[in-house]
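> sequence unknown, structure follows:
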Ligand SMILES: Nc1ncnc2c1ncn2[C@@H]1O[C@H](COP(=O)(O)OP(=O)(O)OP(=O)(O)O)[C@@H](O)[C@H]1O
Ligand SMILES: Nc1ncnc2c1ncn2[C@@H]1O[C@H](COP(=O)(O)OP(=O)(O)OP(=O)(O)O)[C@@H](O)[C@H]1O
Ligand SMILES: [Mg+2]
Ligand SMILES: [Mg+2]
């Protein structure tokens, strides 16, 4: 009934002698909100980098919508409908917020060299459409009114929202969020949670990396835990929280109650 | 920039003469010498009352050694300054670029020292007072093989038209006369280190080394040859002809023999007159082959002007008809191709001084 | 023709060369200003255009118009190929790599027999239209039209989706790829188009001067062009027009007006000194160029936020 | 120890911090909280001398405003900047050595201190000669905190030190902060995790739109409704 | 002949190394596209000449004078032409450097003309040692090798073992963060230029002595070659500078000595090698790898 959107089998990434990701297999269903947690340096971001083609896995396969995509160039993957945000915020700091978001639509537009040079109507129309969409998304992430600011002049938290908006604007099938709420307070974090739910409702599947365990528990349908490059658990939130290995590696004993409390509401 | 130092004010009845050459850039020293020589000629004639009662004014333009700059410079001379004629004090590239324009604008021009074979082609308005590469190359081949009895000759040439054209003429002639060119290598202007090509030269065991280039590189080549223990006879071209060659090459220049068109110890009156005037005006510099060529180019132009006035067509004709004009670089005439006919002079270095060997018409 | 008589060919020539430089500047601005690929070898593209057209019209005896057109196509293709190293070479090496490419190509012009070697190529024919040779004024008018088309095309390209792709590549290659931009294609494309502009400029130059040799396509030209574009403002068409005009016309002013307060014999060297000083001062007081995209406020943010671009040992996160 | 009066910072037309006054007593830990864009980072950047500001910043009787950033460090104020800003192409160890740049230390002392940092963050020890730019986000954050500690500051300013860190590490960072506070170090802390922040801090300031909304003891702030609602979730 | 060619190549290689050591600091470590390096090299040569002619300094003192003068000029260039551009696009530094080079080169041309001057008598004879009958080397070349080795050694020690050495790298990567560590960025950059320029001057003087020639534009080609060497070796790597310089020297010598009828000349061959190597190894021979543990 529910399709598997993304199926990963046995992928690894090594940097010299360091194994950043080791033989990870995973399946994500369409419409899921999937969480990825784990200690620092566990290989989560590296995992994203392989999904988006920035790194080529040393081994293993990644199947997205029945199509093998491991080792495919990043721009092709983006065109297939996978988009992402960056943990270290990579905005075009000297461009306006709106321009930054418009960039996200690139893969969805088609104007070619000649129609651009000749200034054909279709090119103009497309440009308008892109602007329109971008504005809408900015409003959605709560940045209405900041369109014309330079991205670099926004505060850290707001820059993160621009990142999310940029990834969202192309209406991807799969959205990868790398610590979307880092640098946001509790209130703001909840807003982002709402946003993610809304996105999912519109048919986008989401994988997110996050250290705010309580929030992840409340939001995700399923969670995988990475440690030292390996997947040590992959289950529903309640089971994850009860998994001693996870507690040991990641959350810390004292914290479990807190998290439980959080997840409950 | 118009030159004011030549003394004349701009009056209606002064004759304007254009000069173009490099006043900035890497070749600016040569350009400056050339301009100074032209200025000297103009000053002298003005002192004598000018040309047919009119003062002559020299309008100088910098070409930076670049073709398109030369083109603009010449366009300015022709169209803004409306000069009667132009003295070309630059190197081949720029001069070659401007001559078609000069021809089509029908402005008489005398080229002082650029040797590109095509410069005089395409019309009757451009003459040149330096002999072509062919002549110099042939002259040296004849001297090396017939006079010096050299059999195995190594050639190093600067990789511009000057070097290539002289060296090919030399090579053809030398072969015809029965000598071998055992090795031939190009080098670049501005090169400092010749150790590797000289090592190759040494390995080819030549009895003479013909260097077609200018004094800077030539001085380096003679010095480094000594360091590598090459003991072949040095032969050279008019590019050697500068006190700088002796200064930079020091004792290593001993016995280097080269072709040129001028020597300051020539006892002919024009030469002594020129040398004296030069020393008076440009205190601590020595007149050399470049300045002599430019001086002669200007003189040829002025002389023709005396005869034909400033009508461009007549002037050009008069220049072309120059016959046995006593120039500092010898008796100057032009042949049907607007190339100069004058003797080639052989000089050699002895005890740190240039010494006259012989001169001959080729 | 009346028109020809009306104008001093000297002034006409100044403008003709100015337009040729503007075309060069536009192409370089595309490559360096819009797409961020620093090029210190633009003169090579210029030379390729000039030599192609010269060889085709002199040695292959083609009609000058056809030669010019083919020259543009040839430069387009060769530039695309020469743009390939930019895909692989680290960003901060690109300036030196392109510099090297420029030197290599110039050296080829000087030594190869097809380019006439050290002698260069002469008697390049003047193109004619309706039986009339395009000289001086008419050539200028033709060039003006070419320039306007060139400006229009740059404007359109840079304000479109393609311009956006270049902009993202300039700012962050990784982001560009992640947003679905085929960086390979767009980088090669910008070199090709920028090169084609230079190729057009080169061909038009060759038919103007009628004689070309390798001297006209050296590093100095590349460096001057880059200065013009940067001083005007990277990524700005007005800037290119301004920068090229100022730096190009400045020496010409010295030629036009006579100064008496300095020793004339050194005027030309003073001229170059002033030129150099001007470059330093312009950079100092308008580091983003006269028409640079960044106003005062933007400059400030940039300074505050400047995070040195770190490629190499970067962890993409 | 640190007294700020009427601090104003503008970026062009944006007035990011307005008339801000705040003080930090010796040995105290003070938290600065507020929504995104409230002006927290701007405030601490003004203190550290990396951006120009108006108003007075007096530290141990000395006016800091106008002092170059490296001189502020010499006064004993050290910052863990927002976004980590480790030196990406230096090794982990060299990053730590840079932390101690302003101090005179012998090679041996330096070595010992580095080892201490490694005890605190064992993950870094494993990566000691790796180029810092290739560390994971959290590892970089550990490095940034470790690097600041190498400076042996009198006043330590932390701009969101827990960002991107796993819960266990956050715990350990906060317990470290707690410990160094016990050792008498003065701390100014910016933190989105207000619960955490207020649990180590003695006092807190709440910023809104570049102005101070409240300031009170940490305990009182924790109980205050507005704060609870907006920042504690 | 091969032995002699190898020696020639090594000698030229060391000239390149010597010229590049200074640039390794400024461009290699600090990442500043410093196009005025060549002009500083020229200023060094002229300063030594003037010192010897006007102050009758013995050669070693003239060399020191040249290094001092160039150090000051280098710092001046940084102060007035580069520092105000900090934080801007790297090209602005490049343009400013080209501007400085044009300015200084023409200034020297106004004073000394564009002519080649000979280097004053140093009292040190240029002696030729014949190693075998067909292989020889001069003592001047030895000095260049020795100076190159000393320069490299000092530089290595400085970068590797001093705090300032690490600070230079830190400044290059993130100026603001460096200042937050208490690094006086301006001073560090100044010191870098000081050292880099003094080394350039030493190179200029020794090369002028060796070839008995100096002229205002003498720095332009070596300046470009130095960029080639620094990039070839991988930015900022001392070992890379050595290997880069030697490769360049050997390649040029071999192409001069053994090849003929090439469509490109030896200067261009140097860059062909550079590009080929960068295509194979985008970060230069000894450059830090992109992926590293
Ligand atoms: N380009 C690289 N070169 C060398 N090592 C790398 C590289 N990229 C990542 N690593 C190493 O791989 C490991 C995994 O890194 P990764 O960024 O995937 O961790 P993470 O799970 O995202 O951690 P965090 O939660 O801290 O962001 C880390 O130890 C890191 O140091
Ligand atoms: N360089 C800059 N140029 C222009 N405006 C800026 C700049 N830096 C910050 N601002 C503006 O100043 C205000 C305060 O920013 P600041 O970074 O101090 O916020 P913050 O409280 O640290 O937020 P966050 O929690 O998101 O980090 C914001 O409105 C921001 O847009
Ligand atoms: Mg991560
Ligand atoms: Mg902040």
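In hand now; what should we look at? Here the structure is a predicted model, which means the values were calculated and not measured. Ligands and ions are numbered 1, 2, ... in the order given.
> make it CA atoms for all contacts and neighbour counts henceforth
Will do.
> The stretch 1-150 of chain C: strands as residue ranges?
Applying DSSP state E, counting those that start in this stretch to the stretch 1-150 of chain C gives strands spanning C:128-129, C:132-133.
> Next one, pLDDT for residue B:190 please.
Per-residue confidence (pLDDT) for residue B:190: 84.
> For chain E, see how far away it is.
8 Å (CA to the nearest CA, to the nearest Å).
> where does the residue nearest the centre of chain B land in three-state SS?
Note on chain B: the residue nearest the mean C-alpha position is residue B:113, at 3.2 Å, using CA atoms, centre = their mean. Using DSSP: H, G, I helix; E, B strand; the rest coil, the structure places residue B:113 in coil.
> In contact with the nearest residue to it once chain neighbours are set aside, which residues?
In space, and not counting its chain neighbours, residue B:113 is closest to residue B:130: 5.5 Å by CA to CA, 6 or more residues apart in numbering or on different chains. By CA atoms under 8 Å, 6 or more residues apart in numbering or on different chains, the contact set of residue B:130 is B:111, B:112, B:113, B:114, B:115, B:261, B:293, B:339, B:340.
> wait, which of those is closest to chain C?
In terms of CA to the nearest CA, no member of the contacts of residue B:130 lies closer to chain C than residue B:115, at 10.7 Å.
> so what pLDDT did that closest one get?
We have a pLDDT of 87 for residue B:115.
> before we move on, back to that, so the residue nearest to the centre of chain B touches residue B:129, yeah?
Yes. When contacts are counted by CA atoms under 8 Å, residue B:113 is listed as touching residue B:129 (7.1 Å).
> Can you pull the residues that touch both of the two?
Shared contacts of residue B:113 and residue B:129 (CA under 8 Å, 6+ apart): residue B:293.
> The helix or strand containing residue A:199 close to chain D?
According to DSSP states H and E, residue A:199 maps onto helix A:186-201. Yes. Under the criterion of CA under 8 Å from any CA of the partner chain, helix A:186-201 makes contact with chain D via A:186, A:187, A:188.
> if I look at the second one, how far off is residue B:130?
Which is residue A:187. Going from residue A:187 to residue B:130 by CA to CA, to the nearest Å gives 89 Å.
> picking up where we left off before, which residues does the residue nearest to the centre of chain B contact?
B:88, B:89, B:90, B:91, B:128, B:129, B:130, B:290, B:293, B:294.
> Next: residue A:148.
Counted by CA under 8 Å, 6+ apart, residue A:148 has contacts A:96, A:97, A:98.
> and which of the residues you listed is nearest to chain E?
Distance to chain E across the contacts of residue A:148 (CA to the nearest CA) is lowest for residue A:96, with 18.2 Å.
> residue contacts, the residue nearest to the closest one when sequence neighbours are not counted?
Spatial nearest neighbour of residue A:96, excluding adjacent residues (CA to CA, 6+ apart): residue A:150 at 4.2 Å. Shown in contact with residue A:150 (CA under 8 Å, 6+ apart): A:93, A:94, A:95, A:96, A:97, C:298.
> got it, and residue D:165?
Residues counted as contacts of residue D:165 (CA under 8 Å, 6+ apart) are A:39, A:40, A:211, D:137, D:138, D:141.
> Kindly recompute the last result at 6 Å.
By CA atoms under 6 Å, 6 or more residues apart in numbering or on different chains, residue D:165 lies in contact with residue D:138.
> In three-state terms, label it for me.
coil.
> what are the phi and psi angles of it?
Note on residue D:165: its backbone torsions stand at phi -100, psi 150 [degrees, to the nearest 10].
> That one and residue D:142, how far apart?
Note on residue D:165: its distance to residue D:142, by CA to CA, is 8 Å.
> Need the outlier residue of chain A, farthest from its centre.
Distance from the C-alpha centroid of chain A, by CA atoms, centre = their mean, peaks at residue A:118 (37.2 Å).
> What about residue 198, how many residues nearby?
This is for chain A. By other CA atoms under 10 Å in any protein chain shown, 13 other residues sit near residue A:198.
> Wait, chain C was what I had in mind.
34.
> residues contacting it?
Counting by CA under 6 Å, 6+ apart, residue C:198 touches C:24, C:45, C:46.
> 8 Å instead, please
Residue C:198 sits in contact with C:23, C:24, C:27, C:28, C:42, C:43, C:45, C:46, C:49, C:75, where contact means CA under 8 Å, 6+ apart.
> ok, and it, which helix or strand is that part of?
helix C:183-209.
> Just the strands from chain D, written as ranges.
Ranges of strands in chain D, per DSSP state E, are D:2-11, D:14-24, D:29-34, D:54-59, D:62-63, D:77-80, D:155-159, D:186-190, D:203-208, D:211-217.
> Same list as before, the ones you listed that is, but in TSV and with mean neighbour count included.
Formatted as TSV, the strands of chain D follow (neighbours: other CA atoms under 10 Å in any protein chain shown):
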stretch	mean neighbour count
strand D:2-11	19
strand D:14-24	17
strand D:29-34	27
strand D:54-59	19
strand D:62-63	14
strand D:77-80	28
strand D:155-159	25
strand D:186-190	26
strand D:203-208	22
strand D:211-217	16
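> Of all those, which one is nearest residue E:112?
strand D:2-11 (50.1 Å; CA to CA).
> before we move on, the earlier item: among the contacts of residue A:148, which ones are buried?
A:96, A:97, A:98 (16 or more other CA atoms under 10 Å in any protein chain shown).
> Those residues in helices, which ones?
Counting by DSSP state H, the part of those found in helices is A:97, A:98.
> How about residues contacting stretch C:66-79?
Contacts of stretch C:66-79 with the rest of the structure, by CA under 8 Å, 6+ apart, involve C:45, C:48-50, C:52-54, C:56-57, C:191-193, C:195-200, C:203-204.
> can you check stretch E:127-143 too?
For stretch E:127-143, the external contacting residues (CA under 8 Å, 6+ apart) are B:227, B:228, E:1, E:3, E:4, E:7, E:11, E:126, E:206, E:209, E:210.
> one step back: now render the strands of chain D as CSV, adding mean pLDDT and distance to ligand 2.
CSV is the format used below for the strands of chain D (pLDDT from 0 to 100; distance: least, CA to the nearest ligand atom, whole Å):
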stretch, mean pLDDT, distance to ligand 2
strand D:2-11, 91, 5
strand D:14-24, 91, 4
strand D:29-34, 91, 6
strand D:54-59, 92, 15
strand D:62-63, 90, 22
strand D:77-80, 92, 13
strand D:155-159, 92, 8
strand D:186-190, 93, 8
strand D:203-208, 91, 8
strand D:211-217, 89, 10
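> Identify whichever of these lies nearest to chain B.
So among the strands of chain D, strand D:2-11 is nearest, using CA to the nearest CA, at 46.7 Å.
> Could you list every helix and strand that the closest one packs against?
The contact analysis (3 or more CA pairs under 8 Å, 6 or more residues apart in numbering or on different chains; DSSP states H and E) places strand D:2-11 against helix C:296-305, strand D:14-24, helix D:40-48, strand D:54-59.
> out of those, which comes closest to residue E:254?
Of all these, it is helix C:296-305 that lies closest to residue E:254, at 47.8 Å by CA to CA.
> now the closest one: mean pLDDT?
In this model, helix C:296-305 has a mean pLDDT of 39.
> Touching, residue C:225 and residue C:24? I think so.
Yes. In this structure, residue C:225 is within contact of residue C:24 by CA under 8 Å, at 7.4 Å.
> Can you give the contact residues for stretch B:340-356?
For stretch B:340-356, the surrounding residues in contact (CA under 8 Å, 6+ apart) are B:127-131, B:136, B:139, B:246, B:250-251, B:253-263, B:329-335, B:357-362.
> try stretch D:181-189
With CA under 8 Å, 6+ apart, stretch D:181-189 has contacts from D:24-32, D:153-160, D:197, D:201.
> Residue A:180 contacts residue A:164, doesn't it?
Yes. Residue A:180 is within contact range of residue A:164, at 7.4 Å (criterion: CA under 8 Å).
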